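[1] show me how the following folds:
(4 chains)
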Amino acid sequence: MESKLMRMEEAVELVKNGDSVTISGISIHRNPMAFIYALVKRGVKDLYFIDREPGFGLEVLLKYGLVRKLRIAMSTLEWFSSIPRHFRKMIEEREVEMLEDTCGAFIAGIRAGSFGIPFMPVKGIIGSDLVKMHEREGTWKVIEDPFSGEKIVLVKAINPDVAIIHVNKADEEGNAEILGPLYEDEYKAKASKKVIITAEEIVPRSYFYGRRPTINGEYVTAVVHALKGAEPTSMFPYYDADYEKIIEFLEHF
Amino acid sequence: MESKLMRMEEAVELVKNGDSVTISGISIHRNPMAFIYALVKRGVKDLYFIDREPGFGLEVLLKYGLVRKLRIAMSTLEWFSSIPRHFRKMIEEREVEMLEDTCGAFIAGIRAGSFGIPFMPVKGIIGSDLVKMHEREGTWKVIEDPFSGEKIVLVKAINPDVAIIHVNKADEEGNAEILGPLYEDEYKAKASKKVIITAEEIVPRSYFYGRRPTINGEYVTAVVHALKGAEPTSMFPYYDADYEKIIEFLEHF
Amino acid sequence: MKSYSVDYVIKAISTLLEDGELVYIGLNSIPSLIASFMARDLYGKKIRIIGVAEASNPSRVLLSPSTGNPFFVEAAPVIITADAFDFAQKGKLDVMFLGPAQIDEETNVNLTMIGNDYYNPKVKLPGGAATAFILPLSKKAILWNLKHSKRSLVKKVDFITGTAKFSNNKVFVVTNLGVLAYNREDRKWHLEGIYPFSSYEKVVENTDFEVKRKDSERLIDLTNEDLRFINDMDPYNLRSALETL
Amino acid sequence: MKSYSVDYVIKAISTLLEDGELVYIGLNSIPSLIASFMARDLYGKKIRIIGVAEASNPSRVLLSPSTGNPFFVEAAPVIITADAFDFAQKGKLDVMFLGPAQIDEETNVNLTMIGNDYYNPKVKLPGGAATAFILPLSKKAILWNLKHSKRSLVKKVDFITGTAKFSNNKVFVVTNLGVLAYNREDRKWHLEGIYPFSSYEKVVENTDFEVKRKDSERLIDLTNEDLRFINDMDPYNLRSALETL
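    Numbering: from 1, shown residues only, chains lettered A, B, ... in the order given. Predicted structure coming up:
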């Protein structure tokens, strides 16, 4: 068996300046924070950050100047900070560019990327001003459904350079299990050119015998053991978000 | 909690003459045989059978004259009967019509159906004579990818009237778990208008707490307890295919 | 018992939910979360609650700073957001809640930015999340806004994050002053409900577009049972941070 | 040790597999199943084996009447067929095996029907399964046929189930008489390997299209170790049912 297990310091080297990256989780839940802090320490730049509903992990990346552009549907720290402060400030001051996405279209694009097809249709959206931005960017096109003649949005496949996914358990080949909510993490891993798994626990391959891992090892580039690797965001069922640390981060704006 | 648990005799009433149906499993594995035998006993007709790689279950339906039309990529009993005899005879004698599919296109169509989108692109296929049959049928269209200009096949969403899925465990709401190979059973359930789960074992809802069922109860119409419900096809990890019963069936052509 | 204006919004939302509905709760959506559980567990409406927390109709939960709290699945199967949004594409998602900063007379909503140039916003908002996609697809869209004013209920939004204009669904606006329903026949917003401290006049005064009056608005008031339910679900008074009265 | 002509086909297929390849095994595909495990476990080639049994690179398995035997996952994680076929769409599936009834000079293959009218077949074949989709997408397509004759290796197939004509991949035909490789430069089939009991002349005699000759074909022969491996994997001699010599 080929082992993909490596130290955090080696794994962060897989992310290059200018890469498009996507991360696991949403808001203040299951963000790959240990990896993000290691990446901040190493200091890459000009990242193109792609996600559906990020929060804390994105704020840290923005705060330390790693990000050039965003493609997300929303950023929020919810009760703590409805509009996260670095996010708001850097966009208003045009330090960071943003292509606003909408959840259904993000899901269509990341599914297309994960299936290896060039695009996927998505319903709704027509009438939104987002259509103009995406047509300009080349990421969406409005066509007539050739079967029904109705107008529909096509989303071009999203294939990030790197996905960083924090999971509950992984083996050395990269087979990984996520407990609780999954969000689009399976699609993110399947769609990305490199996949870095950070795991609370490393288990033997036999753990996955007879059943489908959330993410198959076939997709995975690197596996890093990262106990408490989501802190201060939550990690079901092991630990809740650390509200005090989140508040502390926000106070040191 | 709403219970969808019912007896087999009630569940078979959900299938109507002329319905399009799809079933779980492939070849001689995890076909919903108990349901199929009950359906034969009841005797519906003119079914439109849609699947990727069926085998034994389809032979039984064909033998007893329940099927009018097929849309499948292949039918085989493999070592037992490379070209299943009822399948071959009824098509050659034009008692049953067949639209031949190809695996990737079936997967694209059933995914589109399960996502609620009108179509999905699929790679490959161009140059196959199957394109003509499907364009005539209105199930595929060849277009130019509006992003790249390259030719690509679009598959219209497949939404069967009924899916019958045999699973390892299910609760009364229809949350269901399949162990081992899954094939496209999740997609089949999500794409179909009615979903009938037959289960080796009925478990309490709490069995699914904290994790994603293979099929969520939200999709399910009926749950039937069917111990050994796949026999004589196999049911991982409980029982292997019953080779003697399969041979016996084939001998009574 | 102490009450907040958001409690009236919660009550108003819960009265809009009906038997048989599948409702989805997104991030940063405290009023709709409490309202949905209230409709199901206090008023016995036969609804199913799903959402960004990916819990399938969880047992009653405690409010925490995130409405996407993954611990909701401790006593519920997981149903992923992509599956929920596939229901929307199939026309099977009944209710979606959205909290826009601006809503206009045509059902356009804005969660993107304040200003007149997308690329140079005066105020950057959090982003529309599912809005553009789901506002026209859910059978009933409930838009909530806790600062009813001529700056939030506007003639024309600064940016159309999403719109129900090309849909035929039901659209409601629930604010700290009352409930508006969009009428697809006259293409106007009609006042549908008020609170003890609001009135048709007060709504009109604070709305930049025309609001039609029904013969009689519903009066939406809080009972002690309502307040007890809300306080039980929000023992730390997190919702007080949303307070604007 | 007793050997069957299919054993030569198995050996020939196993020699076509190379380090680093991801190979997919479909239904009703005994020769490719044994050949792949032989390549990996006897010849130590660093390939990964997946397939319709949905097992991710399983430990060595025993042959049973179905090459989709789900019990292959007893000692392997599950990787579903849809995922495997997504690899094909991404250009990351290296090897696919297909067993067509007819193969023609342009790489067209037929698993659909014999006859000249799709709607009125003389002989209905099992159907192409993944053929139309995957023949052009897999980097290397290995077509196997155990009845090498002018009726199977034909000038023009009765029905084009699938084709590699518009692809740029590698295509091989492995039969009971030898191995042909399609050359994309001259668009001809070249004889690449023969068995002790076959020859260029015998291949030409039994092929309806032109077969080019290389300076020297590889001689593919069975060793005792090969036979022992094959017999160990097929203790019930199931493959003898495929015998055509």
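
[2] which of the three states applies to residue 241?
    Chain wasn't specified; assuming chain A. coil (DSSP: H, G, I helix; E, B strand; the rest coil).

[3] nope, chain C
    Residue C:241 - assigned by three-state DSSP - is helix.

[4] name all residues that make contact with it.
    Residue C:241 makes contact with residue A:79, according to C-beta atoms under 8 Å, 6 or more residues apart in numbering or on different chains. For every residue, glycine as well, the C-beta is placed using N, CA and C.

[5] name the residues of chain A found near chain D, please.
    Selection of chain A residues close to chain D by C-beta under 8 Å from any C-beta of the partner chain yields A:114-117, A:175, A:190, A:205-206, A:208-213, A:216-218.

[6] show the buried residues in these.
    The neighbour count (16 or more other C-beta atoms under 10 Å in any protein chain shown) marks A:114-117, A:175, A:190, A:205, A:208-213, A:216-218 as buried among these.

[7] so which of those belong to helices?
    A:114-115, A:190 (DSSP state H).

[8] which one of the residues you listed is nearest residue D:37?
    Closest approach to residue D:37 among these (C-beta to C-beta): residue A:190, at 27.0 Å.

[9] hey, what's residue A:26 bridged with?
    Residue A:26 has these beta-bridge partners by DSSP bridges: residue A:29.

[10] tally of neighbours for it?
    Using other C-beta atoms under 10 Å in any protein chain shown, residue A:26 is surrounded by 31 other residues.

[11] please name the nearest non-neighbouring residue to residue A:179.
    Leaving aside its sequence neighbours, residue A:179 sits nearest to residue A:168 (C-beta to C-beta, 6 or more residues apart in numbering or on different chains; 4.8 Å).

[12] quick one: that neighbour is in a strand?
    Yes. Assessed with three-state DSSP, residue A:168 lies in a strand.

[13] tally of neighbours for it?
    19.

[14] quick one: it from residue C:43, how far?
    37 Å (C-beta to C-beta, to the nearest Å).

[15] so which helix or strand takes in residue 127?
    Assuming you mean chain A. Using DSSP states H and E, residue A:127 sits within no helix or strand.

[16] not quite, I wanted chain C
    Using DSSP H and E, no helix or strand contains residue C:127.

[17] contacting residues around it?
    For residue C:127, the contact set (C-beta under 8 Å, 6+ apart) comprises A:72-75, A:100, C:111-112.

[18] next: residue A:52.
    So residue A:52 contacts A:26, A:72-74, A:101, A:103, A:106-107, A:183-184 (C-beta under 8 Å, 6+ apart).

[19] now it: phi and psi?
    Backbone torsions for residue A:52, taken as degrees, to the nearest 10, come to phi -90, psi -70.

[20] nearest residue to it in space, please, no chain neighbours.
    Going by C-beta to C-beta, 6+ apart, residue A:52 has residue A:106 as its nearest residue, at 4.7 Å.

[21] do I have it right that that neighbour meets residue A:157?
    No. In this structure, residue A:106 is not within contact of residue A:157 by C-beta atoms under 8 Å, at 11.9 Å.

[22] these two - which one has more neighbours?
    A side-by-side neighbour count of residue A:106 and residue A:157, using other C-beta under 10 Å, places residue A:106 first with 28 against 22.

[23] pLDDT wise, what is the more buried one at?
    Listed pLDDT for residue A:106 reads 98.

[24] show me what contacts it?
    Residue A:106 neighbours (C-beta under 8 Å, 6+ apart): A:51-52, A:72-73, A:158, A:184.

[25] report the closest residue of chain C relative to chain B.
    Among all residues of chain C, residue C:89 sits closest to chain B, at 3.1 Å; criterion: C-beta to the nearest C-beta.

[26] that residue: how many residues sit nearby?
    When neighbours are counted by other C-beta under 10 Å, residue C:89 comes out with 22.

[27] show me the contacts for it.
    Shown in contact with residue C:89 (C-beta under 8 Å, 6+ apart): A:104, A:122-124, B:115-117, C:137.

[28] about what we covered before: if you look at the contacts of residue A:52, which of them are in strands?
    Under the assignment DSSP state E, the contacts of residue A:52 contribute residue A:72 to strands.

[29] buried subset of the contacts of residue A:52?
    A:26, A:72-74, A:101, A:103, A:106-107, A:183-184.

[30] out of those residues, the closest to residue D:125 would be?
    Nearest to residue D:125, judged by C-beta to C-beta, of the buried ones among the contacts of residue A:52 is residue A:107 at 39.2 Å.

[31] ok so, going back, just the closest of the contacts of residue C:89 to chain D, please.
    Nearest to chain D among these, counting by C-beta to the nearest C-beta, is residue B:115 at 13.0 Å.

[32] the closest one against residue C:86, yeah?
    Yes. Counting by C-beta under 8 Å, residue C:86 is a contact partner of residue B:115 at 4.9 Å.

[33] residue in the stretch 101-250 of chain A with the shortest distance to chain C?
    For the stretch 101-250 of chain A, C-beta to the nearest C-beta, closest residue to chain C: residue A:104, 3.1 Å.

[34] so which strand or helix has the residue lying closest to that residue once chain neighbours are set aside?
    In space, residue A:104 comes closest to residue C:133 once its chain neighbours are excluded; the distance is 3.1 Å by C-beta to C-beta, 6+ apart. Taking DSSP H and E as the definition, residue C:133 sits inside helix C:131-134.

[35] quick one: that helix to chain centroid distance?
    Here helix C:131-134 is found 14 Å from its chain centre; the criterion is C-alpha atoms, centre = their mean, to the nearest Å.

[36] alright, that wraps it up for me.
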